[in-house]
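Novice: Coordinates only, no sequence provided:
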C-alpha cells in the first residue's frame, strides 16, 4: 500500500497533517521531498543568518596563522 502524505518535522518527530491508517508498530519506508513552501523558508533563514553575521561579526582577537604554519606537516 502506498500513501502520499504531508508532514511537518517538529522537535525530531515527523507529524503528519492527516490521520494515518496504520496499525501501531507498522514499519514504513519514507521518501522525503521538501514542499515548495519549505524552500522559501530555507531561503529566508539563510538571508536572516547572513544579516546576523554582518551585524555581529566574530573576531577571535588572536593572531592569524601564516600559510606555512597552516600547511606544516610533521
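Specialist: It's in. Model, not experiment: these values are computed from the prediction.

Novice: Leaving out sequence neighbours, find the closest residue to the one residue sitting closest to the centre of the chain.
Specialist: In the chain, the residue lying closest to the centroid (Cα atoms, centre = their mean) is residue 42, at 8.2 Å. Of all residues not flanking residue 42 in the chain, residue 34 sits nearest, at 8.0 Å (Cβ to Cβ, 6 or more residues apart in numbering). Placement of C-beta: from N, CA and C, glycine included.

Novice: helix/strand/coil for the residue nearest to the centre of the chain?
Specialist: For residue 42, the assignment made with DSSP: H, G, I helix; E, B strand; the rest coil gives helix.

Novice: per-residue confidence for the residue nearest to residue 42?
Specialist: Residue 34 carries a pLDDT score of 79 in this model.

Novice: What is the burial count for it?
Specialist: Burial measure for residue 34: 10 neighbouring residues, criterion other Cβ atoms under 10 Å.

Novice: What of residue 7?
Specialist: 15.

Novice: and what of the one 4 residues further on?
Specialist: Residue 11 has 5 neighbouring residues, counting by other Cβ under 10 Å.

Novice: One more: residue 59?
Specialist: 5.

Novice: what's the answer for the one 10 residues further on, then?
Specialist: By other Cβ under 10 Å, 9 other residues sit near residue 69.

Novice: Residue 14 too?
Specialist: Neighbourhood size, residue 14 [other Cβ under 10 Å]: 11.

Novice: Report pLDDT for residue 56.
Specialist: pLDDT for residue 56: 86.

Novice: which outside residues touch the worst-scoring helix or strand of the chain on mean pLDDT?
Specialist: Ranked by mean pLDDT, DSSP states H and E, the weakest helix or strand in the chain is helix 36-55, scoring a mean of 79. Taking Cβ atoms under 8 Å, 6 or more residues apart in numbering as the criterion, the residues outside helix 36-55 that touch it are residue 34.

Novice: can you give me how far it is from the chain middle?
Specialist: A distance of 12 Å separates the centroid of the chain from that of helix 36-55, by Cα atoms, centre = their mean, to the nearest Å.
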